[in-house]
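Structure here, sequence nowhere to be found:
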Ligand code: ATP
Ligand code: MG
């Protein structure tokens, strides 16, 4: 009898047909990588994955953040022997303190002499007999769901831990996340990474208008994201010269939107330079002046590759809930200025017209400004 961690992966991976092996291999590599430094052993039984470790709590904490895993269950492995199964089932139901229970038998190993229904009846009957008067069966809403999974060994469990699900990280191309110190962009990055997309980040830094602490905050956010993804490259682009030039040459109400076009265009150039397929932002429709439909049209025009905005249709409250659950919220709300809050016009254009903005931008030496910023960028491995 031993305690193991059962790893259940997201049902979507089962649908991958011939590619299933590729996804499984990536998932397994990602598990190995997060468990670096932890003592563990990988065990399989008829297609199911298990991890054995003397440090089960730490293992759970790390593995539950691996994209592609939907649930983890702490299971007791026993031999395929009805007495042993009954004994462990009784122990777990009793320990749960539940008033109602239901047995979920699963006979993956067809050579076991009881089928799933018979397992339910037999084990359920044994538990009832031994806990007479203390517990009853509830097939609709049981307090304790007791699983009996019969393979080469039998796995008995009643507790499941929700993991992050999604697709294995690194199976769906690459994106360059525009990471600010705000609440939204780390959530956007998490959502892209959760679909298996590999993340790099770009941050526009307006030294000395934005402090070293603002930069550290962005690094810290990247570090939190790294808990889900493994190493991340952060490109820190100096942005002050560009902003100064826009301020001195363009209309005040066009500052933000022109700045957004620079951010978009530089992100695309950095992506191209490092073979990253796409760009991602934390924009959400209508949230601020530059995120109106018209604003998005104008900033998007400065991009030459797909720009993904996973939060586009989400309410701020829902974004904040995700930020809290993934652990970025407390860092995001630290009160350090970001470059956009310093150079904000009093009345930014909410309905910019593309041709007009492009005309204003002709006053600037856009290509040169962008290329100089990229040449001066700092590259940090998080
Ligand atoms: P966030 O909470 O992500 O900062 P926001 O609601 O403050 O977003 P904006 O400031 O308009 O909205 O920024 C929109 C998006 O542009 C951000 O989600 C982010 O992807 C990107 N962005 C904004 N400022 C920066 C910056 N300094 N560096 C990198 N990306 C940025
Ligand atoms: Mg912001």
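Cool, got the structure. This structure is a prediction, so every number in the text was calculated from the model and none was measured. Ligands and ions are numbered 1, 2, ... in the order given.

Could you look up the SS state of the residue of the stretch 51-200 of the chain found nearest ligand 1?
Nearest to ligand 1, among the residues of the stretch 51-200 of the chain, is residue 182, at 2.1 Å (Cβ to the nearest ligand atom). For glycine as for every other residue, the C-beta is placed from the backbone atoms N, C-alpha and C. Three-state call for residue 182 (DSSP: H, G, I helix; E, B strand; the rest coil): coil.

The residue nearest to it when sequence neighbours are not counted: neighbouring residues, count only.
For residue 182, ignoring the flanking residues on the chain, the nearest one in space by Cβ to Cβ, 6 or more residues apart in numbering is residue 332 at 5.9 Å. Neighbours of residue 332 under the rule other Cβ atoms under 10 Å: 22.

near ligand 1, which residues of the protein show up?
178-180, 182-185, 202-204, 263, 281-283, 287-288, 290-291, 338-340 (Cβ under 6 Å from any ligand atom).

Let's see which of these end up in strands.
Those of the residues of the chain next to ligand 1 mapping onto strands are 178, 202, 203, 204, per DSSP state E.

and which of the residues you listed is nearest to residue 214?
Within these, proximity to residue 214 (Cβ to Cβ) peaks at residue 203, which comes in at 9.1 Å.

Are we agreed that residue 149 is in a strand?
Yes: assessed by three-state DSSP, residue 149 belongs to a strand.

Based on its surroundings, how many neighbours for it?
Residues within reach of residue 149, counting by other Cβ under 10 Å, total 24.

Extract the residue ranges of the stretch 251-382 of the chain that are flagged as low pLDDT.
Flagging of the stretch 251-382 of the chain using pLDDT under 70 yields the residue ranges 337-342.

ok, which stretches of it are strands?
278-280, 307-308, 378-381 (DSSP state E, counting those that start in this stretch).

could I get the ones you listed as a markdown table with mean neighbour count?
Supplementary listing: the strands of the stretch 251-382 of the chain in a markdown table, determined by neighbours: other Cβ atoms under 10 Å:
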| stretch | mean neighbour count |
| --- | --- |
| strand 278-280 | 23 |
| strand 307-308 | 20 |
| strand 378-381 | 12 |
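
can I get those strands in TSV with distance to residue 62?
TSV is the format used below for the strands of the stretch 251-382 of the chain (distance: least, Cβ to Cβ, whole Å):
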stretch	distance to residue 62
strand 278-280	25
strand 307-308	27
strand 378-381	20
